[in-house]
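Q: Would you be able to build a 3D model of this:
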Amino acid sequence: MRPLLAPITAHATLSDRAPASYASITFMAFVPCAGPRGSVADRGRMRQILFAVAIALTVSITLTPLLVRLFNRAKMGQEIRAEGPASHHAKRGTPTMGGIAILAGMWSGYLGSHLIGVRYDAPGVTASGLLVLGLATAMGLVGFLDDFIKLYKQRNLGLTAKGKYIGQFGAAIIFGILALRFPDSTGLTPASRHISIIRDLSWLSLIPVLFVLWVCFLVAAWSNAVNITDGLDGLAAGSMALTLGAYVLITFWQYVNACTTRPGAGCYTVRDPLDLALICAATAAACVGFLWWNAAPAKIFMGDTGSLALGGLLAGLSITTRTELLMVVIGALFCAEILSVLLQIVVFRKTGRRLFRIAPMHHHFELSSWPETTVSIRFWLLAGLSAAAGLMLFYGEHLSVTG
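A: Take a look at the predicted model:
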């Protein structure tokens, strides 16, 4: 994980922000550059997000075909598990480790937008941003090692389950410890020891050891959930773009209504929400750029390099935005996928019968005569609906607090 060598300050306050209440407008209407009273500073922040999207999309969509050619030349193709749908055996030899392009786009969009943000006197990189990116990158390294072993040994099994969990828990422990450090000028740290839904639950605070264990659970759960979802062309990349798109709105809304700049009913005690919005926007764009080449018929797979990194990113975002349980709603598709595997195991052990024809459930629908593209598109729709439901809950809670 990237070390934090220098003190990192919180976002500067915006004293010139419009005084009108934002509670009665929709998510899209709150974008400062769209309103007549939006400050120059706020418009600069919005441009910074758009630059993150443009840079990440460009890097991802141009780097991915280069990886395709490189891996094809090196004959680094994916092995297909024997027990999967028969139609998938034709995909044997498709290049993998495309998650490298997603990670490259994510980092390029984030750092590039900060370089451009200097023109708008935007805040620099933050503790929250670097920790979330560091967690995603560390998980990507675990996935890269898993993918490399598969390719080197020409089999569908890479790291052992024990080896993978050691990597996941190691990254999670470092993240959990560091996330409770680096307070800003108001005392806010990137994470809090409270379990959260849409805000921290004041009555549910964990001691540091239990908090780190909670982080380990979230990191393992989300990384494995995204990893399991990545079984059809374009499914994980498209679903992640929708989920992260929802979090762009959530984090920007938290920035607009931060307690440090707009104290009052309904404000949010989240450190560095604007920086988290940059990460969400950059990663969503990187997923879209990768999806251009990953859509059926896929030219490349993201591999565990991409899926574990994206799952780690979701875990880190849920913790730093204080929306750990809301993420279950927004990312409901990923939860359903991993739940289908767990239910398949439990039901089979108890009854000797299978709940699904094959798990995870996207393969069940394939064996039910749904074309692969139909499954992917319908699951994208479900991902979009769950993201919309999460946004409704988030905004509804804000309205209930502000009246």
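
Q: C-alpha only now, for contacts and for neighbours.
A: Will do.

Q: centre of the chain versus the host helix or strand of A138, how much separation?
A: Here A138 sits within helix 127-153, counting by DSSP states H and E. Centroid separation for helix 127-153 versus its chain: 13 Å, with Cα atoms, centre = their mean, to the nearest Å.

Q: How about stretch 384-392?
A: 15 Å.

Q: That stretch: which residues count as buried?
A: Buried residues in stretch 384-392, defined by neighbour count with 16 or more other Cα atoms under 10 Å: G384, L385, S386, A387, A388, A389, G390, L391.

Q: Tell me the buried residues in the longest helix seen in the chain?
A: Selection of the longest helix in the chain by residue count, based on DSSP state H, yields helix 40-73. Residues of helix 40-73 classed as buried by neighbour count (16+ other Cα under 10 Å): 41-61, 63-65, 67-68, 71-72.

Q: still on that earlier bit, show the average pLDDT along the helix holding A138.
A: Average pLDDT, helix 127-153: 94.

Q: Could you look up the next helix or strand downstream of it?
A: helix 161-179.

Q: Surely L242 touches L381?
A: No: between L242 and L381 there is no contact under Cα atoms under 8 Å: 9.3 Å.

Q: re earlier: between the helix holding A138 and helix 161-179, how many degrees?
A: Angle, helix 127-153 to helix 161-179, by axes from the mean of the first three to the mean of the last three Cα atoms, to 10 degrees: 170 degrees.

Q: just to revisit the earlier point, quick check: mean pLDDT across the longest helix of the chain?
A: On average, helix 40-73 scores 90.

Q: thought R181 was touching S192?
A: No: counting by Cα under 8 Å, S192 is not a contact partner of R181; they are 9.7 Å apart.

Q: who's more crowded, those two?
A: Higher neighbour count among R181 and S192: S192, with 24 against 15, using other Cα atoms under 10 Å.

Q: what's the burial count for the nearest residue to that one once chain neighbours are set aside?
A: Distance criterion Cα to Cα, 6 or more residues apart in numbering; nearest residue to S192, sequence neighbours excluded, is L180 at 6.5 Å. Neighbours of L180 under the rule other Cα under 10 Å: 17.

Q: same deal with R357?
A: By other Cα under 10 Å, 15 other residues sit near R357.

Q: ok, residues contacting stretch 312-327?
A: Here stretch 312-327 makes contact (Cα atoms under 8 Å, 6 or more residues apart in numbering) with 128, 131-133, 135-136, 139, 190-192, 195-200, 215, 218-220, 222-223, 251, 270-271, 273, 276, 390, 394.

Q: Where does pLDDT dip in the protein?
A: The model of the chain has pLDDT under 70 over residues 1-42, 78-91, 155-156.

Q: Do a quick rundown of the strands in it.
A: For the chain, the strands defined by DSSP state E cover 194-196, 200-205.

Q: Show me what the shortest one is packed up against.
A: Secondary structure elements in contact with strand 194-196, counted by 3 or more Cα pairs under 8 Å, 6 or more residues apart in numbering; DSSP states H and E, are strand 200-205.

Q: got the contact list for the strand it packs on?
A: By Cα under 8 Å, 6+ apart, strand 200-205 touches S192, R193, H194, I195, R322, T323.

Q: Kindly present those residues as JSON lines, with separate columns for distance to A285.
A: Shown next, in JSON lines, are these (distance: Cα to Cα, whole Å):
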{"residue": "S192", "distance to A285": "29"}
{"residue": "R193", "distance to A285": "31"}
{"residue": "H194", "distance to A285": "31"}
{"residue": "I195", "distance to A285": "29"}
{"residue": "R322", "distance to A285": "23"}
{"residue": "T323", "distance to A285": "22"}
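
Q: of all those residues, which two lie farthest apart?
A: The most widely separated members of the contacts of strand 200-205 are R193 and T323, with 12.7 Å between them, by Cα to Cα.
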